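Participant: Sequence plus the predicted model coming up.
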Amino acid sequence: MKTRYWPLFIGLICLMAACSNSESEPSAQRTDMGVVGVDSFIGTDAARHRSDTSVDNPTRDCGGCPGRQICDGESGLCEEPPGCQGHEDCLDTRLCIDAICQDSCALSGCPGQQVCSDAGLCTEPDRCESDDACVNGRLCVDGSCLDPCREDAVCPGMQICELETGRCRANDACSNDLDCEANHACSDGTCLPNCNEGRPCDGRQTCMDGLCIEPDRCDGNADCLGDRLCVRDTCTDACQNDSDCPGQRRCNLDTGLCPEPNVCSDDTDCDPGRICLANGCTDACVQGECPGGQACINARCQEPDLCIGDLDCIGDRICERQRCSDPCQDDSDCLGSDVCDPGTGRCVEFQPECIIDDDCPADAACIIGTCREGRCMNHSNCDDGEDCIDGGCAPARRPDCRNDADCGNQQRCAVFGRCVDADQCREEADCQGLNSICFDSQCVACRVDSDCHPSEVCDAGRCEFQGLCDQDADCPAPDGACENNRCIAAPCAGDEFDLRLGRPQLNARLYTNMVLCDGDADLYRFEIGPGEGALIDVRHQENAGDLRLNLRSLGEEAWAQSIAGVARAGLLPKPLPRMLEVSITGRAGYRTPYWLDLRRTTPGQCVPDDDEPALGNDRQDNAQPLANSPNVSVSRLCQDDRDWFRFIAPGGTSVTTVVTSDQLAGLDVNLVNSLGGPAGDIVNNGRDKRITVRPQRRGEFALQLSLAPGVDAATNFIRLEIEANPDAAARACADAPRINIDEVFWFDNQLSVDRFSNQCGGPSLFNDRVARITIVQQGRYRVRTMQSDRATTIALRSDCGNAQSEQACGPNGDLGPVQLNPGDYWILIDSPLSVPMGLVVERID
């Protein structure tokens, strides 16, 4: 300890002598190193200090000595008083201890077991072994420093105070152990040592000087003194409350033990030799004990990079395509047409029972590869919950949605009856990154399979990873590789959070250097307080794989798909605190670096809506499509902001734009036609603002929302109310475009107008499209849409407005073969909302 503080001691000496190199300083002895000699401040000079820094007048009367220090007029030095009352009475770094100025223990050290505190004072240890561990004359009694006794009353039981030693000792007589001194017990009214030859210790305790000593390792509670317990081979005190237990452990008052928690966060929550794995404590592995090809690394069994069988995978995970993965739960977990085998948790190839009706018994039909009894002509011939499909009754195949109301916020019902992102574009130039195609007013990655990589298929505008390949270039990721005709992602180390178990909790700040590995999902938590909302941005390179951001809390959910490398989602403020679950997923086959920006918002803070971060809708040429009725579009305006929206109204309709707002009086609403002129008159009934247009022919309209001066922010809701005029069906027939044999015709987006009822589909549920074709040669023809849309029905009529003239009708967007004679025919398509549909009529023979 002296060696440890020697540099500090020299530094203090240098400070006290001002480290002068002057030969005129009489009290400082210069050494060869230019440092004041140590002997100048040892002995009598240790209590003297010059108060006048001038060396020219050593006999000058000194004044202003600190505290109760005494000035020596002859030497000009301040001296310590015989007795001190505070540290200021002592020179330099010396301290007033027991009314005597003494050196700090940092210089001199402490006696015995005493500990030098940060203040330079010697203090008592938590447990003493002898009297020199105690300060101020206190005594070490049973491991604790106590004041000496002065009377019998302070002693326990019948013990008496021995004034000469200041200790309590046993009386000649006793009634219980408390009457005896330490290490003694009351036996037959006499105090005897705790243990001796005739009085052995319990368990594996050993008797030493009449005292029972606990063993280093215990086998049971009997090996421990008193009510102490044997826990993990060590004697310890029983817990009294949860604060006595480490980490997440809780005190069991019945046993006095701190058992392992049911849920752990790290290894410190578990018993020695056990680890926290998947939030539960389990035995640590040793090399050679892990099953299959797993390796024991850092006491944990780790899966190999490439597996051979299920034993190579942890828990119930399975080995699929040489990779360990979670077992499938249902068919949606499988690729393509594969189905989930619940017995094995594996995706297996669908094996059809039949291909055509001839493969089935006479009273059955082949329905989606399965023979089903009961032939039918239409849905009414089938039981509830069944549809008539290809002449047989089968479980009704319902799409995810029939209209936009079936979808979540910021979604709409589109291709194949699926819920997809809200409209985003008008032309290809509006789309960037991987979703570079404008299709149905939405930025998509593909229309057909050829728009995707060879290892992907086009499904509802998104390239879905199948994994099959012939060469590296077939794989979507720039660093992917083709091995054994399967795309293998390049190794991905992830980011710092991939090394942590569970869902790490993030703070409100910008996180950079984040990486989403192929096939992974990044999961986080983000806490917001009472009265706070959340706004979260994800940003990445446009061509590095599109990301999806999801927020969820207490029944609330918000999500966003990245556009031009940006995804933004948020939740509005609420009175209660919330813990948000944040998840980020991406396009299969890609390794995507990204930035994550988390912010807390308050009610007074204007947060822009989800249309702002990427392309924005502040200009008419970038107006965002309005959701189709009965869905609602949301606009959040801040100061100096304006939002543009657009919609297409079919001819022969009445379309009313209804706008509600929390700042209705301060909200300016304008509707213009495709030429930029005003359309309709605004009606303000105090609850909302309405504008109605009645176009005779199909037309596009744009809606502008802005704030009046002095209004800081507003949240607005826009919905479209559409009705078909009485002549809507006749106008649709008259305006039907003519199409040619074997040429694809594309219907673009339009609002929901139901004008016809196709017999094969029962009552019409969707908006209608009408086309006209002239058949010149008699023969068999096939009429189909370009999408494999199960919810679409096609009817073929010789008289457009007359349902009795229907020649053929069928579901699934595919009609045929149909025998047709020369003449004009109308094709009526009943389909989900907002589907830009490709239609083709093909001659078979």
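Facilitator: Perfect, I can see it now.
Participant: ok, the residue nearest to Ala489 when sequence neighbours are not counted - contacts?
Facilitator: Once flanking residues are discounted, Ala489 sits nearest to Asp518: 3.8 Å by CB to CB, 6 or more residues apart in numbering. Backbone N, C-alpha and C define where each C-beta goes, glycine included. Shown in contact with Asp518 (CB atoms under 8 Å, 6 or more residues apart in numbering): Ala477, Ala489, Cys492, Gly586, Ala588, Gly589, Tyr590, Arg591.
Participant: 10 Å instead, please
Facilitator: Shown in contact with Asp518 (CB atoms under 10 Å, 6 or more residues apart in numbering): 465, 476-477, 479-480, 487-490, 492, 545, 586-592.
Participant: Ser144 too?
Facilitator: Applying CB under 10 Å, 6+ apart to Ser144 gives the contacts Glu124, Asp126, Arg127, Cys128, Cys134, Arg138.
Participant: Which entries within the residues you listed meet the buried criterion?
Facilitator: Glu124, Cys128, Cys134, Arg138 (16 or more other CB atoms under 10 Å).
Participant: partners of the residue nearest in space to the middle of the chain in the sheet?
Facilitator: Residue closest to the mean C-alpha point of the chain, counted by CA atoms, centre = their mean, is Tyr524 at 1.5 Å. Using DSSP bridges, the beta-bridge partners of Tyr524 come out as Val582.
Participant: Domain-wise, how is the chain divided?
Facilitator: According to automatic domain parsing, the chain comprises the domains 2-108, 115-146, 152-193, 357-395, 420-488, 496-601, 626-724, 728-843.
Participant: Bridged to Ala714, which residues?
Facilitator: Leu637.
Participant: That one and Val634, how far apart?
Facilitator: In this view, Ala714 and Val634 are 11 Å apart by CB to CB, to the nearest Å.
Participant: between these two, who's got more neighbours?
Facilitator: Set Ala714 next to Val634 and count neighbours by other CB atoms under 10 Å: Ala714 wins out with 22 against 16.
Participant: Now do the contacts for that one.
Facilitator: Counting by CB under 10 Å, 6+ apart, the residues that Ala714 touches are 606, 635-639, 641, 661-664, 666-667, 705-708.
Participant: about what we covered before: of the contacts of Asp518, keep whichever come out buried.
Facilitator: Buried by 16+ other CB under 10 Å: 465, 476-477, 480, 487-489, 492, 545, 586-592, out of the contacts of Asp518.
Participant: helices or strands next to the helix or strand Arg731 falls within in the packing?
Facilitator: According to DSSP states H and E, Arg731 maps onto helix 728-734. On a contact count with 3 or more CB pairs under 10 Å, 6 or more residues apart in numbering; DSSP states H and E, helix 728-734 meets strand 653-661, strand 767-775, strand 823-831.
Participant: So what are the sheet partners of the last one and their directions?
Facilitator: This means strand 823-831. Strand 823-831 has its sheet partners listed here by DSSP bridges as strand 767-775 (antiparallel), strand 793-797 (antiparallel).
Participant: Please pull up the helix or strand immediately following the shortest one.
Facilitator: If you walk from strand 793-797 toward the C-terminus, the next helix or strand you reach (DSSP H and E) is strand 806-810.
Participant: Now find how far off-centre that next one is within its chain.
Facilitator: Averaging C-alpha positions (CA atoms, centre = their mean, to the nearest Å) puts strand 806-810 52 Å from its chain's average.
Participant: Which strands border that strand, and is each parallel or antiparallel?
Facilitator: strand 793-797 (antiparallel).
Participant: Just the C-alphas of the strand it pairs with, formatted as CSV.
Facilitator: What follows is strand 793-797, C-alpha atoms only, in CSV (Å, rounded to 0.1, in the frame of the first residue of the first chain):
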residue,chain,number,x,y,z
THR,A,793,-66.7,-14.1,-63.1
ILE,A,794,-67.0,-13.6,-66.9
ALA,A,795,-70.4,-13.6,-68.8
LEU,A,796,-70.8,-13.6,-72.5
ARG,A,797,-74.0,-12.0,-73.9
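Participant: What segments of the stretch 51-200 of the chain are strands?
Facilitator: 70-72, 77-79, 95-97, 100-102, 115-116, 122-123, 139-141, 144-146, 160-162, 167-169, 184-187, 190-193 (DSSP state E, counting those that start in this stretch).
Participant: ok, back up a step: contacts for the helix or strand just after the helix holding Arg731, please.
Facilitator: Using DSSP H and E, the helix or strand that directly follows helix 728-734 along the chain is strand 745-746. Here strand 745-746 makes contact (CB under 10 Å, 6+ apart) with 439, 737-739, 769, 771, 773, 786, 827, 836-841.
Participant: Looking at the residues you listed, spot the one nearest Asp472.
Facilitator: Phe439 (28.7 Å; CB to CB).
Participant: Can you list the low-confidence ranges for the stretch 1-150 of the chain?
Facilitator: Applying pLDDT under 70 to the stretch 1-150 of the chain flags residues 1-63.
Participant: can you do 90?
Facilitator: Along the stretch 1-150 of the chain, segments meeting pLDDT under 90 span 1-80, 82-83, 85-123, 126-127, 129-130, 135-137, 141-144.
Participant: quick one, helices of it?
Facilitator: For the stretch 1-150 of the chain, the helices defined by DSSP state H, counting those that start in this stretch cover 2-16, 105-108.
Participant: so can I have a markdown table of the strands of the stretch 51-200 of the chain showing distance to Ser553?
Facilitator: Shown next, in a markdown table, are these (distance: least, CB to CB, whole Å):
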| stretch | distance to Ser553 |
| --- | --- |
| strand 70-72 | 72 |
| strand 77-79 | 69 |
| strand 95-97 | 57 |
| strand 100-102 | 62 |
| strand 115-116 | 50 |
| strand 122-123 | 50 |
| strand 139-141 | 58 |
| strand 144-146 | 52 |
| strand 160-162 | 67 |
| strand 167-169 | 63 |
| strand 184-187 | 63 |
| strand 190-193 | 67 |
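Participant: Tell me which of those strands sits nearest to Pro261.
Facilitator: Nearest of the strands of the stretch 51-200 of the chain to Pro261, taken as CB to CB: strand 144-146 at 33.3 Å.
Participant: lowest-confidence helix or strand of this protein?
Facilitator: helix 2-16 (a mean of 38; mean pLDDT, DSSP states H and E).
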